[in-house]
Structure formats: structure tokens, C-alpha cells
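# Quick one: sequence plus predicted model below, questions after.
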Amino acid sequence: MSDLAGMTAAELAGAYARRETSPVEATRAALAAIEERDAELNAFVLVDADAALRDAAESEARWSAGTQRGRADGVPTSVKDLERTRGWPTLRGTWLADEAGPWPEDSPSVARLREAGAVLIGKTTTPEFGWKGVTDSGRFGITRHPLDPALTPGGSSGGSAAAVAAGMGTWSVGTDGGGSVRVPASFTGTVGLKPTGDLISSYPPGSNGLLSHRGPITRTVLDAAIMLDVIGRPDHRDWAALPARDGSFTDGIEAGIEGLTIGYSPDLGYGSNDPEVASLVAEAVGVLSGLGAHVTEIEPLFDDPVEAFQTLWCAGVARTLDPYGPDDLARVDPALLEYAEKGRGITAVEYLDALAVCADLGLRMARFHETYDVLVTPTVPGVAFPAGQNGPTPEQSRVWASWTPYTYPFNMTRQPALSVPCGRTRSGLPVGLQLVGPRHQDARVLRAGRAYETRGQQS
């Protein structure tokens with residue numbers, strides 16, 4: 001990617017202020033990267049260059065007049081195609097969506113980005129209704145990894161992660177119902193944050209209930225904090241939205257982690273890691289200790305909650321597809337139909353039992369955080385695998401959660417969870433380190449991730 005396309009949002013804001021570059025130039029660089037790479041990577045379902053350049057020119061005028069709206073003003077931005085965008089179709093990776101619309105409104109996160117002056121360049125790919133941990137669909141095809149197009153970038157926010165990693169826009173808004181921001185961040189070497197549940201407002205509400213989250217995919221932890229300042233504000237359309245927070249998520253982000261207590265779990269007691277992943281994560285934990293944190297390897301916290309997660313997930317899929325008749329469903333991914341069929345067989349008591357598992361997990365984690373400030377795990381046990389398959393192996397392809405065991409528990413507890421890059425395997429594939437904090441302590445998680453990310457500057 002070009003130097004300009006590779007800049008972070010924080011770097012762009014500084015360069016705009018110093019008149020070293022402009023939002024129009026940054027947007028042209030992002031569009032040039034899309035022109036160069038997206039035919040191969042298939043990260044976008046829609047690019048609106050005319051609208052982006054028009055918005056960039058308006059942002060440039062604000063920076064010139066000193067009336068910019070903050071550090072997001074003029075930043076080239078993409079949005080996962082599950083989030084509504086005024087004037088653009090939201091097709092959700094399915095043939096069941098009618099491109100004709102109408103499309104009259106933005107989702108809360110998109111509305112906040114527009115208000116902040118971000119330059120929206122387009123919509124990124126998702127599997128059908130965002131249902132799985134890789135990114136392909138019958139309607140839009142297979143999204144591929146920027147480092148090796150034979151591989152998947154993960155999912156379901158794989159289009160967003162591929163775009164950010166390839167310089168096709170500075171940052172992106174993804175969604176995360178079981179790891180869909182953090183998994184592709186781990187695979188592509190980007191940063192992905194699933195914040196505290198309801199910190200980012202949702203509208204319309206997702207079918208997966210408490211599992212559903214939105215979050216930034218960026219190149220740095222600092223950028224994730226800057227975006228969270230923008231999109232982490234309440235919207236009246238979300239009755240469960242958290243109240244507005246005083247201050248900025250960047251406040252104290254450079255304070256370091258000396259004295260922080262960290263519980264390190266290599267596998268949560270039930271996972272199985274690729275040896276290179278295990279080694280890189282252990283090395284990263286050593287870095288955290290070297291930065292002054294008190295690190296303890298901990299005993300397993302809970303049994304694998306995958307059965308309860310699957311109950312909630314399949315019920316959500318069934319609800320998503322419920323409005324459609326047999327002719328419509330004939331055009332749906334057969335594996336997605338299998339999930340829906342399982343969901344239709346779930347009883348109300350089974351669903352409530354699964355919610356009770358979430359409550360128990362939440363209590364266990366609340367007790368854990370009475371002793372430890374942050375939990376650290378691998379983000380994913382492995383690395384990117386061949387594109388076009390639903391999992392690393394045929395067995396794991398049947399249940400995508402089977403190969404993402406460290407992400408979905410924290411959708412169930414609604415805690416903030418951050419994936420930061422922690423190195424690459426010998427074959428050059430990125431590995432992610434996951435940092436999890438107590439609910440409402442997103443700033444602490446960001447501070448810990450920032451300390452790790454800037455370790456070279458501190459040593």
C-alpha cells in the first residue's frame with residue numbers, strides 16, 4: 001500500500017492539521033488501493049467514489065477553516081454490509097435483500113461517523129446475515145486474505161479487516177456476535193475491539209440478542225479508541241443503550257500497565273492451540289510482564305459454553321429466516337438453513353437455560369476481575385486457513401464456533417475484548433492476542449493493548 005493509504009487515523013489528523021496532506025488526498029489513496037487490490041480480494045460490495053470525494057472536499061474545507069469536527073474528520077471509512085447506510089443498499093450477503101430499497105436511514109454507528117465528518121467510501125463483505133466465522137456468500141463470492149489470496153481473512157467482518165489491512169480505507173465498522181470483529185483482526189494483523197455490550201447502540205436490533213455487538217477494526221489500538229469515542233455514544237432508537245460517557249477513551253491510554261494484574265490463560269482450559277500461536281502468545285505475555293504488569297497463569301475459569309452459545313446462535317438464525325417462505329429459502333446457504341432448522345427445534349426452556357449459562361459466566365468473570373484487572377488469551381487457536389471453507393478442517397467446518405473457542409464466551413458475558421497483533425508465524429501469518437476486561441472497563445483494555453502495541457517505543 002502507499003504511505004498515505006497506510007497511515008492511521010491519528011496520523012492523518014495530525015497531517016491534516018499541519019497541512020501536510022488533505023482528506024481529499026487520503027481518500028484518493030484509499031480509492032486507488034481499492035482499484036488496485038479489490039478485484040483480487042473482494043472486500044467491498046459497494047464503493048461510492050463520487051460521494052467519498054465530495055465528503056472529503058467538505059472535510060478539507062473544515063480543516064482549512066479550523067472548524068474540523070475532531071480526529072475522525074476526513075478519515076476514509078468503510079462499513080460492514082450489515083449496518084444500514086442512508087442512500088446505499090444494505091444487502092447482508094444474501095439474495096433475499098432487495099437492492100431497490102428504499103434505504104432512508106443510517107444505523108447508529110454510521111450516523112455518528114457522518115456527524116464526526118468521517119468519509120464513507122463503501123460497504124464491506126459479510127457472509128449471509130453474518131452467520132459464520134469466514135467471509136463468503138452466494139451473492140458476493142469469496143473474500144480473500146491480503147497477504148495470501150488463497151487464504152481467508154476470517155469473518156464475519158472479513159471484508160472490513162481485509163480492507164483495513166490492505167490500505168483500502170483507514171478503519172472500518174464491524175459486527176461481532178461470537179468473534180466476528182476479533183477473529184478477522186487476528187487473521188489479518190489488524191486491531192479489533194468488541195466493546196462492552198450496548199456501549200455502541202444498535203438499530204435495528206439484531207436477531208442474536210445479547211450476543212450482538214459492533215466494534216472498530218483499525219490498524220492501532222489508539223485508532224480503536226478514537227473510533228470508539230465517535231460511535232460509542234447512545235442513540236434514541238436503542239432502548240438498551242448505555243448512557244453517554246464522560247471524557248475520551250484516549251484519556252490515559254498512554255499510561256502503561258505497571259502494577260496491573262493480568263490473569264493469563266493459554267487455552268481457557270478447553271482449547272487446543274497451534275504450537276506457533278502458543279509460542280507467540282506466551283512471548284507477548286512475557287512482554288506484558290516486562291512492562292510492569294503482575295502476570296499469573298491461571299486455572300481454568302469455566303467449562304466450554306459452546307452448547308449454550310449454539311442454542312442462542314441457532315435460535316437467532318431461525319428468527320432471521322422466519323419471515324421468508326420456501327421459495328426464498330431455496331436461495332439461502334444450505335449450511336445456514338441447517339442452523340435455522342436446529343434453531344426452530346429449540347424450546348423456550350432450552351433458550352432460558354442458555355441465558356442462565358450466560359449469567360453464570362458473567363458472575364464467574366466478575367469474581368475473576370475482583371483479583372485480576374485483565375484476562376489474556378490467544379484470540380484464535382490457529383491462523384488463516386484456505387478460503388472457501390468454513391473451518392480449518394472438515395469437522396470444524398460444521399460448527400464454526402468449534403475453532404473460535406476464545407471469542408464467543410465474552411459475547412455471552414458482554415465484556416470488552418480486544419485483539420491486538422502479537423507477531424507472525426514462520427510462514428508470515430499474523431497471530432492475535434486477546435485482552436478481556438470487566439464490563440464498562442473498555443478504557444482499561446485499550447490502555448493494556450496500547451502498552452503492548454507501543455512496547456518498542458518504551459523499551
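Everything's here; your move. Remember, predicted model here, so these are calculated numbers, not experimental data. Numbers count the residues shown, from 1 in each chain.
# C-alpha only now, for contacts and for neighbours.
Noted.
# Next up, phi/psi of V181, please.
Backbone dihedrals for V181, given as degrees, to the nearest 10, come out at phi -90, psi -40.
# Number of residues surrounding it?
35 (other Cα atoms under 10 Å).
# who touches it in this structure?
With contacts taken as Cα atoms under 8 Å, 6 or more residues apart in numbering, V181 has the following neighbours: 155-157, 174-175, 192-194, 215-217.
# In strands only, show me the residues you listed.
Judged by DSSP state E, the contacts of V181 include 174-175, 192-194, 215-217 as members of strands.
# Any chance of the residues you listed in JSON lines with distance to W88, pLDDT and neighbour count as columns?
Shown next, in JSON lines, are those (distance: Cα to Cα, whole Å; pLDDT from 0 to 100; neighbours: other Cα atoms under 10 Å):
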{"residue": "G174", "distance to W88": "17", "pLDDT": "98", "neighbour count": "32"}
{"residue": "T175", "distance to W88": "18", "pLDDT": "98", "neighbour count": "28"}
{"residue": "G192", "distance to W88": "25", "pLDDT": "99", "neighbour count": "35"}
{"residue": "L193", "distance to W88": "25", "pLDDT": "99", "neighbour count": "34"}
{"residue": "K194", "distance to W88": "25", "pLDDT": "98", "neighbour count": "33"}
{"residue": "G215", "distance to W88": "20", "pLDDT": "98", "neighbour count": "27"}
{"residue": "P216", "distance to W88": "20", "pLDDT": "98", "neighbour count": "30"}
{"residue": "I217", "distance to W88": "21", "pLDDT": "99", "neighbour count": "35"}
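# does R444 sit in a helix, a strand or a coil?
Of the three states, R444 takes helix under DSSP: H, G, I helix; E, B strand; the rest coil.
# How about the contacts made by the closest residue to it other than its chain neighbours?
Across the structure, with Cα to Cα, 6 or more residues apart in numbering as the measure, the residue nearest R444 apart from its sequence neighbours is G437 (7.0 Å). By Cα under 8 Å, 6+ apart, the contact set of G437 is 369, 373-375, 415-417, 444-445.
# Start and end of stretch 41-59, how far apart?
Using Cα to Cα, to the nearest Å, the gap from the first to the last residue of stretch 41-59 comes to 29 Å.
# from the chain's centre, how far out does it sit?
Chain-centre distance of stretch 41-59: 21 Å, with Cα atoms, centre = their mean, to the nearest Å.
# Pass me the low-pLDDT residue ranges in this structure, would you?
Scanning the chain for pLDDT under 70 picks out 456-459.
# Recalculate using a threshold of 80.
Of all residues in the chain, those with pLDDT under 80 make up the ranges 1, 456-459.
# Which helix or which strand is home to A57?
For A57, the element it lies in under DSSP states H and E is helix 49-65.
# the helices in the stretch 101-250 of the chain, which residues?
In the stretch 101-250 of the chain, the helices defined using DSSP state H, counting those that start in this stretch lie at 108-115, 158-165, 182-188, 221-231.
# out of those helices, nearest to A284?
Closest approach to A284 among the helices of the stretch 101-250 of the chain is made by helix 182-188 (14.0 Å; Cα to Cα).
# between the ones in strands among the contacts of V181, which is closest to V332?
Relative to V332, and with distances defined as Cα to Cα, the nearest of these is T175, at 20.7 Å.
# Tell me the buried residues in stretch 335-352?
Using 16 or more other Cα atoms under 10 Å as the burial criterion, the residues of stretch 335-352 that qualify are 336-337, 339-343, 351.
# Now intersect these with the helices, please.
When helices are assigned by DSSP state H, the members of these inside them are 336-337, 339-343, 351.
# In JSON lines, list those residues along with distance to A293.
Formatted as JSON lines, those follow (distance: Cα to Cα, whole Å):
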{"residue": "L336", "distance to A293": "43"}
{"residue": "L337", "distance to A293": "47"}
{"residue": "Y339", "distance to A293": "42"}
{"residue": "A340", "distance to A293": "45"}
{"residue": "E341", "distance to A293": "47"}
{"residue": "K342", "distance to A293": "45"}
{"residue": "G343", "distance to A293": "43"}
{"residue": "Y351", "distance to A293": "40"}
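# Relative to A13, which of these is nearest.
The shortest distance between A13 and any of those, using Cα to Cα, involves L336 and amounts to 42.0 Å.
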